[in-house]
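1. got a structure for you, letters missing:
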């Protein structure tokens, strides 16, 4: 458990989008008393009503400009595909000295879309909390989501050091551990740890649903044999993930190509009954699990 | 929770192999008081010592014949590749009226290897409890492993009905739900729900470890983004899984071919920026998750 400092870090925070991540941030900020005011904007009145009902917003508005104009920290919590229209709308109204951050799973594309629009005197500090669940929407959030998870910050060259420090402190106050990384490198690491696993999970669940109906029903019935773990990942938000793949194309295609070569080699080993090749790989992969547990990225029964 | 009937179902049970599944059976049998005597045989004295230490065996022996000769029910709990030498060794000593069963994840190959050696008057009733964890060995077992899980029974044609009933009652007493299935059909369903997911998980974890060392370390460090779920599956017993793939070749290759076509189609959609194709699939797969939860194959936070 991180130590809660009931200390205001930033006078006013604006959240653009109040889904799983946005609402988890709002809850953690409220719990920690980290700001005097959270303003929330979203595309639907329904989400805003929900934010009020949940008591995680001090003010809500459908007007993005209204939401951000006094904010010291603006966090974009929308699918990546929506960033460009958002920044075009809010840029002229950002307060001098304000910080614009985000939570997107891809960072080069985010900088490409946001940086040209950031006014002089406003600081762009992109961030990516490596945390989530398969659930979506304002109700799905919880204040503990970021505890002991990584938050990767990928500042463009020459970013104001104080702004980086403020975003770091903010995420630390939410319980996260901070890693500063090059955007290019972030996208490569995430292509392997997150984007490719999601693509594979979506694919195999799709493959199963394309079987004849009775067989698909049995796959669901007997899913405890391994398949159910993939269904959890493949239940993640479709729009968010579409935008991830469209915006991290090169790194995902590179990792996917490696994966395809490797599975083709295994396919060949199965076809020709080459048990040693299978056994060698299956033994090697056990060590990785130990590494994951030692890196505290997994409780034994998470 | 299944109702515990402290009633002896079978006078004497022999377990050949005392790993995760064998030791879980032994624990559940002991807990339920389902037999007067469990004899355990295994390949190593170390496993047998552990079984005694854990209090889950009434007698242990390295001699398979000794273990099975008085048994009413013999359950082979070894990797499938070991079945043929096992049955060749024990067949002449099986008691008339005895039942030979197993827990293997493939059923056609099991019947191919066992059936020709079963003496007249002995009953072959193959079974597959669809349950497990990534942990191996006698210490990894627990009595609750089979509760509310499926146990699929795949009797060859003309199997004695009373023997099928006895095996069904045995697994029900361990908390499992029973499904009777054709061996061919079992192998096809499991290829999709269990074998292909394991093959894919092993592959992606292998792909990640083949990256340059520093990148592999980062993949482990940031594995919470999705990768860690695959590492759990890819930590399963290598020998057991080698034997599964070698013994369910046709069905696994069929499902793998379908998966490869599907992921190639997604690869193309990513390359050409066809977001609609991605979004359509990602929306469709969410429903499968609902099916899994409704089928009670998953607690929300399993």
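-> That came in fine, so what should we check first? Since the structure is predicted, the reported quantities are computational estimates derived from the model, not experimental observations.

2. residue boundaries of the strands in chain A?
-> For chain A, strands defined by DSSP state E occupy the ranges A:10-16, A:35-41, A:59-61, A:73-76, A:99-102, A:123-124, A:127-129, A:150-153, A:177-180.

3. quick one: which of the ones you listed is nearest chain B?
-> strand A:150-153 (5.9 Å; CB to the nearest CB). For glycine as for every other residue, the C-beta is placed from the backbone atoms N, C-alpha and C.

4. start to end distance for stretch A:140-150?
-> In stretch A:140-150, first residue to last residue: 20 Å (CA to CA, to the nearest Å).

5. Taking the stretch 51-200 of chain A, what residue is nearest to chain B?
-> residue A:194 (3.0 Å).

6. so that residue makes contact with residue B:225?
-> Yes: taking contacts as CB atoms under 8 Å, residue A:194 lies within contact range of residue B:225: 3.0 Å.

7. Residues that sit against both of the two, list them.
-> A:105, A:130 (CB atoms under 8 Å, 6 or more residues apart in numbering or on different chains).

8. quick one: contacts for the residue nearest to residue A:206 when sequence neighbours are not counted?
-> Distances taken as CB to CB, 6 or more residues apart in numbering or on different chains put residue B:281 closest to residue A:206, at 5.1 Å, once the chain neighbours are dropped. Shown in contact with residue B:281 (CB under 8 Å, 6+ apart): A:202-203, A:206, B:266.

9. Quick one: distance of stretch A:190-200 to the chain centre.
-> 12 Å (CA atoms, centre = their mean, to the nearest Å).

10. can you put the strands of chain A in TSV and add mean neighbour count and distance to chain B?
-> TSV is the format used below for the strands of chain A (neighbours: other CB atoms under 10 Å in any protein chain shown; distance: least, CB to the nearest CB, whole Å):
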stretch	mean neighbour count	distance to chain B
strand A:10-16	24	21
strand A:35-41	21	24
strand A:59-61	18	27
strand A:73-76	26	19
strand A:99-102	26	16
strand A:123-124	21	22
strand A:127-129	24	9
strand A:150-153	22	6
strand A:177-180	16	8
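
11. With distance to residue B:219 and mean pLDDT as new columns, can these be given to me in TSV?
-> Output for the strands of chain A, formatted as TSV (distance: least, CB to CB, whole Å; pLDDT from 0 to 100):
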stretch	distance to residue B:219	mean pLDDT
strand A:10-16	30	97
strand A:35-41	34	97
strand A:59-61	39	98
strand A:73-76	27	98
strand A:99-102	23	98
strand A:123-124	27	98
strand A:127-129	15	98
strand A:150-153	12	98
strand A:177-180	13	98
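
12. Pipe the ones you listed into JSON lines and attach distance to residue B:187 per row.
-> Shown next, in JSON lines, are the strands of chain A (distance: least, CB to CB, whole Å):
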{"stretch": "strand A:10-16", "distance to residue B:187": "51"}
{"stretch": "strand A:35-41", "distance to residue B:187": "53"}
{"stretch": "strand A:59-61", "distance to residue B:187": "55"}
{"stretch": "strand A:73-76", "distance to residue B:187": "49"}
{"stretch": "strand A:99-102", "distance to residue B:187": "48"}
{"stretch": "strand A:123-124", "distance to residue B:187": "55"}
{"stretch": "strand A:127-129", "distance to residue B:187": "42"}
{"stretch": "strand A:150-153", "distance to residue B:187": "41"}
{"stretch": "strand A:177-180", "distance to residue B:187": "45"}
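
13. Show me the one of these that comes nearest residue B:21.
-> Judged by CB to CB, the one of the strands of chain A that comes nearest to residue B:21 is strand A:150-153, at 36.2 Å.

14. what's the closest one in contact with?
-> Contacts for strand A:150-153 (CB under 8 Å, 6+ apart): A:107, A:125-131, A:164, A:167-168, A:171, A:174, A:176-181, A:186, B:221-222, B:224.

15. Given it, what are its sheet partners and their directions?
-> In the sheet, strand A:150-153 lines up against strand A:127-129 (antiparallel), strand A:177-180 (parallel) (DSSP bridges).

16. Those residues of the stretch 1-150 of chain A touching chain B, which are they?
-> Within the stretch 1-150 of chain A, the positions adjacent to chain B are A:81, A:105, A:130-132, A:134, A:149-150 by CB under 8 Å from any CB of the partner chain.

17. Looking at those, spot the one nearest residue A:276.
-> residue A:130 (36.3 Å).

18. The closest one contacts residue B:227, correct?
-> No: using CB under 8 Å, residue A:130 is not in contact with residue B:227, being 10.4 Å away.

19. Now the common contact residues for those two.
-> residue A:194.

20. quick one: the residue lying closest to residue A:259 once chain neighbours are set aside and residue B:234, what's the gap?
-> If the residues on either side of it in the chain are set aside, residue A:259 comes closest to residue B:207, at 4.8 Å by CB to CB, 6+ apart. Look at residue B:207 and residue B:234: by CB to CB, to the nearest Å, they are 11 Å apart.

21. Kindly report the same for residue A:36.
-> For residue A:36, the distance to residue B:234 - CB to CB - is 48 Å.

22. Ok, residue A:248 next?
-> 24 Å.

23. ok, now residue A:214?
-> 30 Å.

24. Looking at the two, which is more packed in?
-> residue B:234 (29 against 9; other CB atoms under 10 Å in any protein chain shown).

25. so what's the more buried one up against?
-> A:282, A:285-286, A:288-289, B:198, B:201-202, B:204-206.

26. right, and residue A:8 touches residue A:35 too?
-> Yes: when contacts are counted by CB under 8 Å, residue A:8 is listed as touching residue A:35 (6.1 Å).
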